[in-house]
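>>> Got a predicted structure plus its sequence, pasted below:
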Amino acid sequence: MSEPSGGPAWRKTPLAAGLYFVATPIGSARDITLRGLDVLASAEVIAAEDTRTARKLLELHGVPLAGRRLIAYHDHSTPAARDGLLKLAAEGASVAYVSEAGSPLVADPGFALSREAAARGIHMTTAPGPSAAIAALTLSGLPSDRFTFVGFPPSSGGPRKKFVEEIAGLEATVILYESPKRVRGLLDLLCDHAGANRPAALARELTKKFEEVRRGSLAELLVSVDDDPPRGEIALILGRAEAAEADPEAVDAALRSAMERLRVKDAAAEVAAAYGRPKREMYQRALELARSDGDS
């Protein structure tokens, strides 16, 4: 977010008391809406996840702070800080909230603010705009008629594995964010649990100079990340799980046949690839068959 807007285009207008959630650019500074600028120019108080980013945005678009209060509100803010903002709105002030980038409440600390404002009956509205999740979905080429946003996965361990297992079975396109340092490991887990052939897209640095979208199967994206590790902010889009069409008896027969030639793990991988099923699912079924056949 570095280019100037080309001159003020905002209007200062009276705002009713309440809380205004304003979407801000995720990259290109010009992506903010005119209404968003109007709100930022008119609000009596501005709360921001990062006050430095907010100041820069106001300066780029020629919106004067003019002595108005600019208050930090982020993940480490206390309940008292949230209460202070809500008290201002309840007592007649117009309070605008901006996250560091994108749409408030999408992977940022605005949710608690919104929830408490709703509980107290405080007027709320939004000046909608940029969202990395929606931008990535738009460019992914994957179905958008049913999708779910799941935020950031847990960083490691059992919670991360459980997270991947849960999203792998969703019959909807899945949007998530991940660190470039952990995206390779995430793709590896997804190949095991969602199937290496599952379509996906990796979008990074959206609306910025080095915007890039990689599309392909999970296996192809894994190779791509190994060959050229991505940098910057990443949104990963996972294609929906498809209902299994293979005859369970045919799958079992294929597993038994493969296990006559291969180790259980390798047999499961072969059948998973042949039937488009997750390797982990086929491995578990192979173990069940091995135990059952051994007992008979």
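Perfect, I can see it now. Residues are numbered from 1 along each chain as shown.
>>> Could you find the closest non-adjacent residue to residue 210?
residue 232 (6.7 Å; C-beta to C-beta, 6 or more residues apart in numbering). Using the backbone N, CA and C atoms, a C-beta is placed for each residue, glycine as well.
>>> The one you found contacts residue 209, correct?
No - using C-beta atoms under 8 Å, residue 232 is not in contact with residue 209, being 10.1 Å away.
>>> out of the two, which sits in the busier spot?
Shown here are residue 232 and residue 209; by other C-beta atoms under 10 Å, residue 232 has more neighbours (13 against 8).
>>> Can you classify the more buried one as helix, strand or coil?
Per DSSP: H, G, I helix; E, B strand; the rest coil, the local secondary structure of residue 232 is coil.
>>> how close does it get to residue 205?
4 Å (C-beta to C-beta, to the nearest Å).
>>> same thing with residue 72?
From residue 72 to residue 205 the distance is 26 Å (C-beta to C-beta).
>>> more neighbours, these two?
residue 205 (18 against 14).
>>> Could I get the contacting residues of the more buried one?
27, 211, 212, 231, 232, 233 (C-beta atoms under 8 Å, 6 or more residues apart in numbering).
>>> and if we set it to 6 Å?
Contacts of residue 205 were listed using C-beta atoms under 6 Å, 6 or more residues apart in numbering, and they are 211, 232.
>>> so what's it scoring on pLDDT?
On the pLDDT scale, residue 205 is placed at 95.
>>> mind listing what's buried in the lengthiest helix in the chain?
Determined from DSSP state H, the single longest helix within the chain is helix 279-295. Residues 279, 280, 281, 282, 283, 285, 286, 289 are the ones in helix 279-295 that count as buried (16 or more other C-beta atoms under 10 Å).
>>> which one among these gets closest to residue 47?
residue 280 (44.3 Å; C-beta to C-beta).
>>> For the closest one, give me its contacts.
192, 193.
>>> gap between it and residue 291?
17 Å.
>>> Report the central residue of the protein.
residue 176 (3.5 Å; C-alpha atoms, centre = their mean).
>>> mind checking pLDDT for that residue?
97.
>>> ok but residue 21 is inside a helix, no?
No - going by three-state DSSP, the assignment for residue 21 is strand, not a helix.
>>> these two touch, right, it and residue 95?
No - with contacts counted by C-beta atoms under 6 Å, residue 21 stays clear of residue 95, the gap being 10.0 Å.
>>> In terms of neighbours, single out the busier of the two.
Taking neighbours as other C-beta under 10 Å, residue 21 and residue 95 compare with residue 95 leading, 28 against 23.
>>> The more buried one should be in a strand, yeah?
Yes - assessed with three-state DSSP, residue 95 lies in a strand.
>>> who touches it in this structure?
Taking C-beta under 6 Å, 6+ apart, one finds 19, 45, 85, 88, 89 in contact with residue 95.
>>> Return the member of the buried residues of helix 279-295 nearest to residue 145.
Distances from residue 145 to these, taken by C-beta to C-beta, are shortest for residue 281, at 25.9 Å.
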